[in-house]
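Engineer: How does the following fold in three dimensions:
(one chain, ligands or ions: 1)
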Amino acid sequence: MNPELESIAGKVAAQERLSAQDGLTLLTTPDIWTVGRLADQVRRRRHGDRAYYNINRHINYTNVCALSCKFCSFYRNPRKRATGAYEYSVEEIARQATQAQANGATEVHIVGGLHPQLPFAYYTDMLRAIRQEAPKLHIKAFTAVEIVHLARIAHRPNDLEGVLTDLKEAGLGSLPGGGAEVFDDRVHDEAFKGKIRSDKWLEVHRVAHRLGLMTTATILYGHIESLDDRVHHFLLLRQAQDEALQAGHAAGFQTVIPLPFIPDASELEHLPGPCGLEDLRMLAAARLMLDNFPHVKSFWVMHTLPLSQLALNFGVDDVDGTVVWYDITKVGGSDTHQEVGVRELRRAIREAGFVPVERDTLYRPVSRQGAEWTVAAETAPVA
Ligand code: V47
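Structural biologist: From the prediction side, this is the model:
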């Protein structure tokens, strides 16, 4: 074993917390295989040979966005009304959710741009319509960035708690982890100026946890950030989760999802973006640094399914999802219909040597007969 990894291996065996310096070593050592093996050790301690997946549908309700983040190829400027700008009606969203429920999905994952004209009622109406028409679906919706935008358009910029409570009453079940990007002011000002900073992102999640809403967290890597920035991001997430656990909140972070920057058609298209081994290294580092996060997810839409399959041996225990129509990134210029069938996903997991377990949003095992499914109410979420 590479000597610089020996002390990290000792800490992992003793279940001791890794330091910032350890994080940097994980991201720089040439011995990526040992990094993977250590992450696998931690992953198996928590989850054995189980690998989770969920049957969901992503709905991106609008691409109109007041921001113009350089890494994003999805947004359309509201003033220019550029070609391809769209916003779905509440009826259209409810129709897509109803169809997802009929096809057996357990979750809808809804995110979109910061639309300057849609009123707050659009969002609560959307949640109520889904609740009404597809009551079995868990609604995971709106990144922290959207929540801050919603608080502004509701003319309650300082009342995140009130806004999240209204959304929860309308049917919101949990918050996704998007919009975190990289928690660093230099990177923020250069690549996604105008977006909320890390303190606000973390505050939204803190309030959500206090209200009993589970959340997830992302990190977008492989663009203009440094390796130190990545480690710093991990440490802030770890600290936020410590606080949620210590405060005894009903909820906290469930999962971290490291997202590889995909340069195609963005303003940062000249950058190469990360390659496969870098992706595996990041997933493994997330598992090792975020010792208080139960789950590490590979989002196959960005990683590709073959890489997600390999990632199961690098600390990943969760593969998202049976996604249909994902608009935010398109690997290799594919169209927006990005779907992996359940059989294909289970086969990929088995081929990697793991046992596929369908989960709901709260990581409770799902029993399924075709499109019909149940979770045992008393089943505790997988820790
Ligand atoms: O916030 C945007 C990222 C995120 C690009 O919570 C890009 O379970 C790569 O957050 N290259 C949205 N990434 C996706 C997301 C997510 C996905 C799956 C599961 C969960 C979850 C969350 O996508 C954005 C941004 O960070 N993104 N543009 C790009 N060019």
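Engineer: from here on, contacts and neighbour counts on C-alpha atoms
Structural biologist: Noted.
Engineer: can you pull the pLDDT of P3?
Structural biologist: For P3, the pLDDT comes out at 84.
Engineer: Pull the contacting residues for A94.
Structural biologist: Neighbouring residues of A94 by CA atoms under 8 Å, 6 or more residues apart in numbering: 126, 129-130, 133-134.
Engineer: redo that, cut-off 6 Å
Structural biologist: Residues counted as contacts of A94 (CA atoms under 6 Å, 6 or more residues apart in numbering) are 129-130.
Engineer: quick one: the strands in the stretch 51-200 of the chain?
Structural biologist: Along the stretch 51-200 of the chain, counting by DSSP state E, counting those that start in this stretch, strands occupy 56-60, 107-111, 138-141, 174-175.
Engineer: Can I get these in TSV including distance to the ligand and mean pLDDT?
Structural biologist: Converted to TSV, these look like this (distance: least, CA to the nearest ligand atom, whole Å; pLDDT from 0 to 100):
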stretch	distance to the ligand	mean pLDDT
strand 56-60	9	93
strand 107-111	8	97
strand 138-141	8	98
strand 174-175	7	98
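Engineer: In TSV, list those strands along with mean neighbour count.
Structural biologist: Output for the strands of the stretch 51-200 of the chain, formatted as TSV (neighbours: other CA atoms under 10 Å):
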stretch	mean neighbour count
strand 56-60	23
strand 107-111	22
strand 138-141	24
strand 174-175	26
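Engineer: between those strands, which gets nearest to E190?
Structural biologist: Comparing those against E190 with CA to CA, the closest turns out to be strand 107-111 (23.5 Å).
Engineer: Mind giving me the packing neighbours of that closest one?
Structural biologist: strand 56-60, strand 138-141 (3 or more CA pairs under 6 Å, 6 or more residues apart in numbering; DSSP states H and E).
Engineer: Need phi/psi at the residue in the stretch 51-200 of the chain positioned nearest to the ligand.
Structural biologist: Residue nearest to the ligand within the stretch 51-200 of the chain (CA to the nearest ligand atom): G178, separated by 3.0 Å. The phi/psi pair for G178 (degrees, to the nearest 10) reads phi -70, psi 170.
Engineer: Please, where are all the strands along the stretch 201-350 of the chain?
Structural biologist: Applying DSSP E, counting those that start in this stretch to the stretch 201-350 of the chain gives strands spanning 214-221, 253-260, 295-299, 318-320.
Engineer: Write out the residues of the stretch 151-300 of the chain neighbouring the ligand.
Structural biologist: Counting by CA under 6 Å from any ligand atom, the stretch 151-300 of the chain comes close to the ligand at 176-179, 181, 216, 218, 220, 259-263, 299.
Engineer: on that earlier part again, show me the one of the strands of the stretch 51-200 of the chain that comes nearest Q239.
Structural biologist: Closest among the strands of the stretch 51-200 of the chain, using CA to CA: strand 174-175, at 18.7 Å.
Engineer: who's P356 bridged to?
Structural biologist: A51 (DSSP bridges).
Engineer: Kindly apply the preceding question to R76 instead.
Structural biologist: Beta bridges link R76 to V64, judged by DSSP bridges.
Engineer: ok, it touching A66?
Structural biologist: No - applying CA atoms under 6 Å as the test, R76 and A66 come out as separate, 8.4 Å apart.
Engineer: between the two, who's got more neighbours?
Structural biologist: Set R76 next to A66 and count neighbours by other CA atoms under 10 Å: R76 wins out with 23 against 19.
Engineer: Tell me, what's the model's pLDDT at that one?
Structural biologist: With respect to pLDDT, R76 scores 91.
Engineer: And for A250?
Structural biologist: At A250, the pLDDT value in this model is 85.
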